[in-house]
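**Q** Starting from these lines, generate the structure:
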Amino acid sequence: MPSLSAFDIFKIGIGPSSSHTMGPWQAARRFLDERTSAELARVNRLVVDLYGSLAKTGKGHGTDLAVQMGLLGADPRTVEVDSIPTELESIKASGRITANGVRQIAFDPQQDIVFHREIQLPGHPNGLRFTAILDDGSTIQSVYYSIGGGFIVREGEAEPTTAKAFPFPIECASDLLTHCRENNCSIAEIVMRNELVLRDATQIHTEIDAIRDAMLSSVHRGCRTAGTLPGGLNVKRRAFGVASSLLGHDCPEGATQWLDAIRQQPRDFQRVLDWVSCFALAVNEENAAFGRVVTAPTNGAAGVIPAVLMYHLCFNDPPPEASRRFLLTAAEIGCIFKKGATISAAMGGCQAEIGVSSAMAAAALTEGLGGTPPQAAMAAEIAMEHHLGMTCDPIGGLVQIPCIERNAFGAIKAITAAHLSLLTNPVEARVSLDDVVRTMWETAQDMNAKYKETSEGGLALRIAVNLSEC
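**A** Below is the predicted model of the structure:
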């Protein structure tokens with residue numbers, strides 16, 4: 001597979017799902033962007049058909065809402081989150097949508113977004129078809145697949161990659177470690193040298209800082225927001241109460257004051273553990289509430305890396321550039337898993353989301369704490385090893401139970417993996433990172449489809465049955 005950038009792995013967007021929300025959102029934008037002005041002028045009606053996992057859990061994941069926002073032309077990086085309900089209500093009330101913010105076209109979400117729960121398109125479990133019906137009754141259609149982590153491909157296309165070759169090509173972990181050894185440098189340094197092919201140093205720092213700031217902002221908002229999550233499960237937000245209890249008062253409104261207050265906290269084991277869990281819960285409660293988060297590498301796993309990054313920044317007193325190195329290292333591990341396995345729960349279960357994010361965070365923290373590249377790779381391997389086979393079984397198709405708590409566990413496992421790797425000579429490792437990537441992919445292929453983000457097995461089925469019997 002050709003090159004992937006760190007900024008392919010980390011994307012700022014809207015929750016609750018990178019594959020079921022952000023991917024369809026971007027597919028809708030792309031469908032209209034690919035139409036000529038003459039074609040758009042002749043469109044009378046739009047229809048969206050959802051297939052496979054997008055149909056089975058699309059309601060809970062907000063797929064129907066996402067395609068409407070995409071058809072409006074809204075950018076998930078910058079759209080005002082609080083404006084989304086108003087935009088959607090306007091479409092519902094009028095039966096029309098302002099395509100790309102320019103042309104009014106007939107569109108009734110109840111009739112024109114069709115969920116085909118029993119049909120899966122051949123290219124991927126997350127398929128969707130857009131149909132534009134023209135004045136003369138003819139149609140223009142395009143099929144897209146949302147392949148995980150916010151990535152989309154049109155039917156017949158290869159997966160998106162960077163156009164330029166990197167000076168240090170990396171297909172697997174052994175490639176990465178060879179480059180580090182031969183150049184006597186860290187993983188973050190190798191990634192930075194590759195990124196310089198695409199952007200200058202100032203641009204890289206600006207973009208990686210924007211990713212960091214978006215992550216920390218999602219933690220901060222989650223720690224300051226109480227209430228109940230949408231969707232009908234009546235899940236109470238917990239991060240607000242946990243953060244307030246740990247601080248002894250509500251979180252400060254200013255992010256700088258908030259971080260300072262956390263850094264001044266006692267650093268006993270139990271309190272630090274509680275903070276890490278709080279950080280992860282905060283992000284994924286924001287994600288579940290259709291807030292802005294960073295895919296890392298997905299939305300369902302968006303809380304793991306921010307939680308471990310916050311642990312590093314608040315309780316390890318790292319140097320100022322620590323967050324940049326942390327995120328560059330994490331991104332490369334994510335790229336290795338995407339190339340060698342998958343980051344899509346619809347393809348591989350939750351091991352592809354929480355497992356990958358935990359591995360990314362473990363490697364990044366290991367380097368941040370002074371570990372060598374082989375120790376960082378070992379940490380990633382340890383973290384994934386203990387997520388192998390994890391199913392994706394969201395109750396009600398909502399990214400809430402068990403998804404939110406899984407981020408806390410993924411973060412704690414990442415920290416444990418990092419510290420274990422720092423206590424170990426990597427030469428003694430019997431399992432390599434490449435071994436565990438291959439094993440994860442084999443496990444994904446063997447996994448029953450009902451455990452791959454369909455809400456047809458596991459907790460989702462058990463709770464649905466129990467609720468229907470009550």
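**Q** okay, and for this protein, where does confidence drop off?
**A** 1-2, 160-163, 464-470 (pLDDT under 70).
**Q** centroid residue for it?
**A** Taking C-alpha atoms, centre = their mean, the centroid of the chain lies closest to Thr298, which sits 1.5 Å from it.
**Q** can I assume it is in contact with Thr342?
**A** No. Counting by C-beta atoms under 8 Å, Thr298 does not reach Thr342; the two are 10.5 Å apart. (Glycine included, C-beta is placed from N, CA and C.)
**Q** Could you say which helix or strand holds Leu50?
**A** Using DSSP states H and E, Leu50 sits within strand 43-52.
**Q** The residue nearest to the centre of the chain - nearest residue in space that isn't next to it in sequence?
**A** For Thr298, ignoring the flanking residues on the chain, the nearest one in space by C-beta to C-beta, 6 or more residues apart in numbering is Ser18 at 4.3 Å.
**Q** swap in Glu171?
**A** Per C-beta to C-beta, 6+ apart, closest to Glu171 is Lys339, 6.0 Å.
**Q** Spell out the secondary structure type for the one you found.
**A** Three-state call for Lys339 (DSSP: H, G, I helix; E, B strand; the rest coil): helix.
**Q** ditto for Ala28
**A** Following three-state DSSP, Ala28 is assigned to helix.
**Q** hang on, isn't it packed against Val48?
**A** Yes. Counting by C-beta under 8 Å, Val48 is a contact partner of Ala28 at 7.4 Å.
**Q** Mutual contacts of the two, please.
**A** Listed contacts common to Ala28 and Val48 are Val67, Phe130; contacts here mean C-beta atoms under 8 Å, 6 or more residues apart in numbering.
**Q** do you know how far Asn299 is from Asp8?
**A** According to C-beta to C-beta, to the nearest Å, Asn299 and Asp8 sit 15 Å apart.
**Q** Comparing these two, which residue is more hemmed in?
**A** Just comparing Asn299 and Asp8: by other C-beta atoms under 10 Å the higher neighbour count belongs to Asn299, 32 against 21.
**Q** So that one lies in a helix, does it not?
**A** No. Read with three-state DSSP, Asn299 is coil and lies in no helix.
**Q** Please tell me how far it sits from Pro373.
**A** Counting by C-beta to C-beta, the separation of Asn299 from Pro373 is 29 Å.
**Q** need the contact list for the residue nearest to the centre of the chain.
**A** Contacts of Thr298 were listed using C-beta under 8 Å, 6+ apart, and they are 17-19, 148-150, 343-345, 352-353, 356-357.
**Q** Repeat that for Asn44.
**A** So Asn44 contacts Ile105, Ala106, Ile133, Leu134, Asp135 (C-beta under 8 Å, 6+ apart).
**Q** Report the buried members of those.
**A** Neighbour-count burial (16 or more other C-beta atoms under 10 Å) applied to these gives Ile105, Ile133.
**Q** Mind checking which of the contacts of Asn44 are in strands?
**A** Taking DSSP state E, the ones among these that sit in strands are Ile105, Ala106, Ile133, Leu134.
**Q** Who does the third one form a beta bridge with?
**A** The residues paired with Ile133 through beta bridges, assigned by DSSP bridges, are Arg45, Thr139.
**Q** Need the residues touching each of Thr298 and Thr342.
**A** Overlap of the contact sets of Thr298 and Thr342 (by C-beta under 8 Å, 6+ apart) consists of Gly148, Ala352.
**Q** hmm, back to that, then the helix or strand that comes right after the strand holding Leu50 to PDB, C-alphas only?
**A** Where DSSP H and E defines the elements, the next helix or strand beyond strand 43-52 is helix 53-56. Provided in PDB are the C-alpha atoms of helix 53-56 (Å, rounded to 0.1, in the frame of the first residue of the first chain):
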ATOM      1  CA  SER A  53     -23.800  -2.100   8.700                       C
ATOM      2  CA  LEU A  54     -24.700   1.500   7.700                       C
ATOM      3  CA  ALA A  55     -28.400   0.300   7.500                       C
ATOM      4  CA  LYS A  56     -28.300  -1.900  10.600                       C
END
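**Q** ok, and what's touching helix 53-56?
**A** Contacts with helix 53-56, where a contact means C-beta under 8 Å, 6+ apart, come from 19-20, 24, 63, 115-117, 119-120, 125-128, 146, 346, 397, 452-456.
**Q** May I have whichever helix or strand comes after it as CSV, with CA atoms only?
**A** Downstream of helix 53-56, the first helix or strand assigned by DSSP H and E is helix 58-61. Only the C-alpha atoms of helix 58-61 are listed here, as CSV (Å, rounded to 0.1, in the frame of the first residue of the first chain):
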residue,chain,number,x,y,z
GLY,A,58,-27.2,3.8,11.0
LYS,A,59,-30.0,5.3,13.0
GLY,A,60,-28.1,5.0,16.3
HIS,A,61,-24.9,6.2,14.6
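**Q** Packing partners of helix 58-61?
**A** The helices and strands touching helix 58-61, judged by 3 or more C-beta pairs under 8 Å, 6 or more residues apart in numbering; DSSP states H and E, number zero.
**Q** picking that back up, ok, the residue nearest to Thr298 - contacts?
**A** Applying C-beta under 8 Å, 6+ apart to Ser18 gives the contacts Lys11, Gly148, Gly149, Gly150, Thr295, Pro297, Thr298, Asn299, Gly300.
**Q** got it, and Ala379?
**A** For Ala379, the contacting residues are Ala359, Ala362, Ala363, Leu365, Thr366, Gly371, Ala414, Ala417, Ala418, Leu420, Ser421, by C-beta under 8 Å, 6+ apart.
**Q** quick check, nearest of those to Leu229?
**A** Leu229 lies nearest to Ala414 out of the contacts of Ala379, by C-beta to C-beta, at 24.5 Å.
**Q** Who are the packing partners of the one helix or strand the closest one maps to?
**A** Using DSSP H and E, Ala414 sits within helix 403-422. Here helix 403-422 touches helix 269-288, helix 304-315, helix 354-368, helix 373-385, going by 3+ C-beta pairs under 8 Å, 6+ apart.
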